[in-house]
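Participant: Here is a sequence with its predicted model. Questions after.
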Amino acid sequence: MEVMLCSLSLRLASHNLKLVNIASEIVRANSSTPNLINLNAYDIPYYNQEIEEKALPQAVLSLKDKMDHAKALILASPEYNFSMPGHFKNTLDWLSRCKPQPFKNKPILLLSASPGMVAGNRGLWSLRIPLEALGAFVFPTMFSLPFIHESFTDDHKFKDQESFNKLDEVVKSFLRFASTLSY
């Protein structure tokens, strides 16, 4: 099963990128194929209906194609002002204009990491709403890692085995869930 993984942060040193990289190792260890996507590779303009009326941007169509090939998605998102990053909301708006809708019936796991105690969890709740409205099967359990700046070794491994075990179990449960869907 191919699983597309993406950090919704654009920073190259993103905490959420570290988290998604570890999740990709768990995906691979469980006989699935991880496909890591970097949103910086897609030059997606601000949504504008006048642009859409001419044609969907090639970057949007390329990202949709990647999504179409994946059986499931794992998204790791920072929290911006109690919400999702604005650039990803824009990306969602563009992808929602594609036919067929790439989020419809797609299993999605949401992750977050943050230096704070709430760990980006509020942003995940705001992300669930449009994903579910677009017909995605957002996995009920989300994983949020607080105090991320204290959580990793220099080689990007968890310092705390309990945190790794929780992520490992959430990803494994999600993979079982995604593999049972026949869409």
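Facilitator: Perfect, I can see it now.
Participant: use CA for all of it now, contacts and neighbours both
Facilitator: OK.
Participant: ok, longest helix in the protein?
Facilitator: Identified as the longest helix of the chain according to DSSP state H is helix 161-180.
Participant: what comes up buried for it?
Facilitator: By neighbour count on 16 or more other C-alpha atoms under 10 Å, the buried set for helix 161-180 is 164, 167, 168, 170, 171, 172, 174, 175, 178.
Participant: What is the nearest of those to residue 17?
Facilitator: Nearest to residue 17 out of the buried residues of helix 161-180 is residue 167 (C-alpha to C-alpha; 14.3 Å).
Participant: okay if I get the buried residues of helix 161-180 as CSV plus distance to residue 146 and pLDDT?
Facilitator: Formatted as CSV, the buried residues of helix 161-180 follow (distance: C-alpha to C-alpha, whole Å; pLDDT from 0 to 100):
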residue, distance to residue 146, pLDDT
164, 13, 93
167, 13, 96
168, 16, 97
170, 16, 98
171, 18, 98
172, 21, 98
174, 21, 98
175, 23, 98
178, 26, 97
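Participant: Export these to CSV and append columns for distance to residue 57.
Facilitator: CSV is the format used below for these (distance: C-alpha to C-alpha, whole Å):
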residue, distance to residue 57
164, 39
167, 35
168, 37
170, 35
171, 32
172, 35
174, 32
175, 32
178, 29
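Participant: Could you list the low-confidence segments of the protein?
Facilitator: 182-183 (pLDDT under 70).
Participant: is the residue most central in space within the chain in a bridge, and if so with what?
Facilitator: Nearest residue to the geometric centre of the chain (C-alpha atoms, centre = their mean): residue 75, 1.0 Å. Applying DSSP bridges to residue 75 gives these bridge partners: residue 6, residue 110.
Participant: what sits against it?
Facilitator: Listed by C-alpha atoms under 8 Å, 6 or more residues apart in numbering, the contact set of residue 75 reads 5, 6, 7, 8, 20, 108, 109, 110, 111.
Participant: And for residue 40?
Facilitator: Residue 40 is in contact with residue 10, counting by C-alpha under 8 Å, 6+ apart.
Participant: Pull up the gap between the nearest residue to residue 68 once chain neighbours are set aside and residue 10, please.
Facilitator: Leaving aside its chain neighbours, residue 68 sits nearest to residue 102 (6.3 Å; criterion: C-alpha to C-alpha, 6 or more residues apart in numbering). With the distance defined as C-alpha to C-alpha, to the nearest Å, residue 102 ends up 22 Å from residue 10.
Participant: next one: residue 62
Facilitator: Per C-alpha to C-alpha, residue 62 is found 18 Å from residue 10.
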